[in-house]
Each structure stands twice: as C-alpha cells, then as structure tokens.
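1. got a sequence here, can you build the structure:
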Amino acid sequence: MLVARELDVRPDPLGIARTLAASGRPGVALLHAAETGDHAWARWSWIGACPDRRSHRLDPLVDDPQPPASRGSTLAAAPRWIGVLPYEHRRDLERPAWRPEDRRPPTRIDRPIWLRYPAVVGVDHLTGRVMVTGIDRRAVDALAAAVQGRLAPAPPALRIEVADDEPAARHEGRIVAAKELILAGDLYQVNLARRLLIRVLRGDALTLYASLVRKAPTPLGAFMDLGEGLRVVSTSPELFLRAEPDPDSRGDSRRWGALLTAPIKGTRPRGKDAKEDRALAEELDRDPKERAELTMIIDVERNDLGRVAVPGSVRVTSLPHVHTHRTLHHRVACVTARARPECSREDVLRAMLPSGSVTGAPKVRAMEVIATLEPRRRGLYTGAIGHIAHDGGLTMAMAIRTAVLEEGEGEYWTGGGIVADSDPEREVEETRWKALQLQQAAQGRG
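-> Below you'll find the model as predicted:
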C-alpha cells in the first residue's frame, strides 16, 4: 500500500532537486512541469533520489516484483520508474539490405535506462501542496528528511561552450540529398538533424537545466542523473506517449487502455513585438509545406497506433493548430487510441518507438535514410524521457531539445522534417531557432 506525507516546504521543484543533489543523494531525477496548462501532465512536478533498482528492459515493470497500485488516486499516479528510451534501441526496424553496416562511432546511450524510486516528492502546481509518496513509511520519511527544513543552496554560476560538430553547410548538403530521394519517390518525408557539442566549464548539469528551462519553460522538462557521470537535461515541448492503465486489467500491469500522442511539425521563432509575433504564427499556420508535413506525420502515428489499437478507436482528437511557447511557435495535433486487450505494454512501446514525428514517412525507410545521411548515431535524441507510475500509467516526452552530458561534456541535437519543397537554407535556420536557448546560455544571457 502506498504511503504519503505532506511537507511544509516551498513548492519549488527545481529547488528541491538542487537540495537533494547538494546533499549527495545519488540518482536525482526531476520531471518538471515548468509551464502549466490544461494538460493532465502539466499539473504535477516530481522529484526523486536514491533509486533502488535499475532496468534495461523496454518495459521495466516486467522486472518489478512490486504489484501495481490501484488507479484513480494521486498517490497511484506518482512515478515508480523514471527513465529514458533511446532512438538507437529500435534500430532493428531498419532492413540491413537497404543500408551499409553502421560504422559510425558508438553513442553514450543505446539501450533503455530505467531507475526505480521507492519514494518521490510531488509538487502540485494547482494547489501549491508538496508531498512525498512512496511504497512504505520508511522510504517516505527518509526522502522527507532529506528535503524538509533544508534550504536549496545557491546555484553555481554557469559557463558553457557550444560549438557546431561540423559546418552547417554539410547539413544543408544532407537536406539536398534527402530532397533528391523524396523527388525520386523513395520516401515522402524525413527528419534530419545535426549535432552541437557542449562543454560545461563552470556549474553543473542541473544549473544548465535551470538556465534552459528559464528561457523555454515546458510542461515536460526533465533532469536525470543516470549514474556513472551521465546526465540528461531536456526542455522538450512534445509529448511522445501518454498511456493510461486498462480499467479492466484487474491489476495486470502488462496492459494499457487509452493512448495519446501529440506530434509537432512546423516551427517559427517568436516575434520582436506583438504584431510580428502574430504574423509569424499566422504564417506558420498557413504554410502549405508545414501543413503537409504534419498531415503526413499524423498518418504515420495513426498507422503505428493502429498496430496495437482496438479497430476503429484511432482518432485525431485535436486538429492541427499553432501552440506558442516562450521562444517558438509550433503546429501540433493530438492522436488517440485504445490499446487492444491482448497487446502488452511492451507491444505498445515497440509499435511507437521511435516516433514517426522524428523519423519520417514511411517510417522504416526514413530511418534507413537517416542512418545513411547523418554522420553520427543519435543515441537518446528522438527517443523518449519520462516515467511509469505506480498504477502502470506512462507519460513520456520526445527526447528533443535535449542535452546528454558525460562528466561535463556532451551533445545537443537539433533538426527538422524535410519534404519535397523544403528550402535547405531555411531548414538550417530552423535548427538554429531550436537551439536558441542553448546559445543564449552559452552567451550568458538570462
């Protein structure tokens, strides 16, 4: 049975995470709703430390002897496992005959990494309540003692260096090559990305996260200490997958019911004033290239959901529309379905990972083109980051706007979808928009 305890501390998720990190607790994880809204995943932030188990399974509950909690309560919705699912884990989708042997250097994260937390701190952004939820009183009291009555230390000053991994002109050349394949009928759309290199010269990864999320708040922000010097920092705006427990499962943690994904395609920067800002959003909404791109990706997502969904249950429940964040405008849609009873949780994850939103159409051929044109393996980029709750529910963000650091050095990828009428120069410029928060942090701009 789950146990909870309310805390008399400031409802400051980042401060709580910093307190736990400063006290030397290993495995600090922060799932941060820094931009709240009417989404179910935007009300709570969660902070954990001192994980007691590690899993490299796609679905960690397969390895978890702890039975799932009853659904429907706030306690049951608290994270049990927090982790990452890298893009590289599903490279088995590609057909070896269509691409050469992959001789590119290995990547930092190439398999799932899940950490199990006996207790987590929850911050309710609607009411301001802070409480610890865990599997027993001992776990709850230990985490509460690490937080209660302590002040978060002042964050260290941040200084980072950001550099292109290669000249931007090479990415432009890849876009030209992709367009030739599209015009030849080889595929319809492909997501291509380029890599930026990061060095943290002063400060730490949590301070880097604080800087990035201050500039670009999101309901799906994340910081993770994965151990062995590996850190993940993400301000992803895109929902990869939200899955609710099957209400008829009777405690069977292998099954999900309702499924939701929210692909994003199309980007514009924010304007210098209200008039320019409105014009940029309207231009994005009208742009035929952006509209076609999102339409194609919606079809891919519907197809992937259809592999595990009850026939007739796949629906576009929110038509494509512009959603505005602090630094960017995006076009987004929502696609929902209901998982078939015979499909396990792992079946659903295998069907959805990696997302069509960050691969292309058709998905498998797009992945093969990505492996041929991009000079580096993606690792975590365009995989997923998030948690599985005690009741078996899942919420995961797309691993974009994400930095992976190892002992203070790492990478940040930025990319976009390429279609037949993409303009290579404009596509390269879009990758700069998507890295704006990182560049501002490097320039020391608050």
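
2. switch to C-alpha atoms for all contacts and neighbour counts from now on
-> Will do.

3. show the contacting residues for residue 259.
-> Neighbouring residues of residue 259 by C-alpha atoms under 8 Å, 6 or more residues apart in numbering: 241-244, 336-339.

4. which of these lies closest to residue 437?
-> Of all the contacts of residue 259, residue 437 sits closest to residue 241, with 24.6 Å by C-alpha to C-alpha.

5. for the closest one, helix, strand, or coil?
-> Applying DSSP: H, G, I helix; E, B strand; the rest coil to residue 241 yields a three-state assignment of strand.

6. quick one: contacts for it?
-> Applying C-alpha under 8 Å, 6+ apart, the residues near residue 241 are 259-262, 394-397.

7. quick one on the thing from earlier: would you turn the contacts of residue 259 into TSV with distance to residue 84 and pLDDT?
-> Shown next, in TSV, are these (distance: C-alpha to C-alpha, whole Å; pLDDT from 0 to 100):
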residue	distance to residue 84	pLDDT
241	13	97
242	14	96
243	16	95
244	19	91
336	22	96
337	23	97
338	24	96
339	22	96
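
8. quick one: the strands in the stretch 251-400 of the chain?
-> Using DSSP state E, counting those that start in this stretch, the strands of the stretch 251-400 of the chain run over residues 256-262, 264-269, 315-324, 328-338, 360-361, 384-389, 394-398.

9. give me the distance between residue 146 and residue 188.
-> Going from residue 146 to residue 188 by C-alpha to C-alpha, to the nearest Å gives 53 Å.

10. neighbour-wise, which of the two wins?
-> Taking neighbours as other C-alpha atoms under 10 Å, residue 146 and residue 188 compare with residue 188 leading, 22 against 15.

11. mind listing what the more buried one touches?
-> Neighbour list for residue 188: 182, 360-362, 419-420 [criterion: C-alpha under 8 Å, 6+ apart].

12. now those residues in CSV, with neighbour count and pLDDT?
-> Shown next, in CSV, are the contacts of residue 188 (neighbours: other C-alpha atoms under 10 Å; pLDDT from 0 to 100):
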residue, neighbour count, pLDDT
182, 18, 97
360, 27, 94
361, 25, 93
362, 18, 95
419, 25, 92
420, 20, 92
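
13. just checking, residue 139 touches residue 120?
-> No: proximity of residue 139 to residue 120 does not meet the contact threshold set by C-alpha atoms under 8 Å, at 9.1 Å.

14. which of the two has more residues huddled nearby?
-> Each of residue 139 and residue 120 has its neighbours counted (other C-alpha under 10 Å); residue 120 has more, 27 against 18.

15. quick check: bridge partners of that one?
-> With DSSP bridges applied, residue 120 shows beta-bridge pairing to residue 48, residue 133.

16. helices of the stretch 101-250 of the chain, start to end?
-> All helices of the stretch 101-250 of the chain, identified by DSSP state H, counting those that start in this stretch, fall at 137-147, 168-183, 205-215.

17. once you drop chain neighbours, what's closest to residue 405?
-> Closest residue to residue 405 apart from its sequence neighbours, by C-alpha to C-alpha, 6 or more residues apart in numbering: residue 231 at 5.1 Å.

18. who does the one you found bridge with?
-> The partner residues for residue 231, given DSSP bridges, come to residue 225, residue 405.

19. that one and residue 410 touch, don't they?
-> No: checked against C-alpha under 8 Å, the pair residue 231 and residue 410 is beyond contact range at 9.2 Å.

20. shared neighbours, these two?
-> Contacts common to residue 231 and residue 410, judged by C-alpha under 8 Å, 6+ apart, are residue 404.

21. ok, then the element right after the host helix or strand of residue 46?
-> Taking DSSP states H and E as the criterion, residue 46 maps to strand 44-48. Once strand 44-48 ends, the next helix or strand along the chain (criterion: DSSP H and E) is strand 53-55.

22. and that following strand, which strands flank it?
-> Partners of strand 53-55 in its sheet, by DSSP bridges: strand 113-116 (antiparallel).

23. what mean pLDDT does the strand it pairs with get?
-> On average, the pLDDT along strand 113-116 is 98.

24. then that strand to PDB, C-alphas only?
-> What follows is strand 113-116, C-alpha atoms only, in PDB (Å, rounded to 0.1, in the frame of the first residue of the first chain):
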ATOM      1  CA  ILE A 113      17.800   3.000 -18.700                       C
ATOM      2  CA  TRP A 114      15.100   3.000 -16.000                       C
ATOM      3  CA  LEU A 115      15.600   3.800 -12.400                       C
ATOM      4  CA  ARG A 116      13.100   2.700  -9.700                       C
END
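
25. the stretch 51-200 of the chain: strands as residue ranges?
-> Under DSSP E, counting those that start in this stretch, the stretch 51-200 of the chain gives strands at 53-55, 79-85, 113-116, 119-124, 130-134, 159-164, 189-202.

26. hey, which of those strands is tucked in deepest?
-> strand 79-85 (a mean of 28; mean count of other C-alpha atoms under 10 Å).

27. OK, contacts around residue 193?
-> Per C-alpha under 8 Å, 6+ apart, neighbours of residue 193: 171, 374, 413-416, 431.

28. hey, what's it bridged with?
-> Bridge pairing for residue 193 - DSSP bridges - gives residue 415.

29. rewinding a little: now the contacts of residue 188 in a markdown table, with distance to residue 294?
-> Formatted as a markdown table, the contacts of residue 188 follow (distance: C-alpha to C-alpha, whole Å):
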| residue | distance to residue 294 |
| --- | --- |
| 182 | 16 |
| 360 | 10 |
| 361 | 11 |
| 362 | 13 |
| 419 | 11 |
| 420 | 14 |
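
30. which of these sit farthest apart?
-> Among the contacts of residue 188, 362 and 420 lie farthest apart (C-alpha to C-alpha), at 14.2 Å.

31. confidence score at the nearest residue to residue 162 once chain neighbours are set aside?
-> Leaving aside its chain neighbours, residue 162 sits nearest to residue 198 (4.8 Å; criterion: C-alpha to C-alpha, 6+ apart). On pLDDT, residue 198 comes in at 97.

32. surely residue 198 and residue 159 touch.
-> No: between residue 198 and residue 159 there is no contact, the gap being 10.6 Å when judged by C-alpha under 8 Å.

33. shared neighbours, the two?
-> Common neighbours of residue 198 and residue 159 (C-alpha under 8 Å, 6+ apart) do not exist.

34. coming back round to it: most neighbours out of the contacts of residue 259, which is it?
-> Neighbour max across these (other C-alpha under 10 Å) = residue 339, 29 neighbours.
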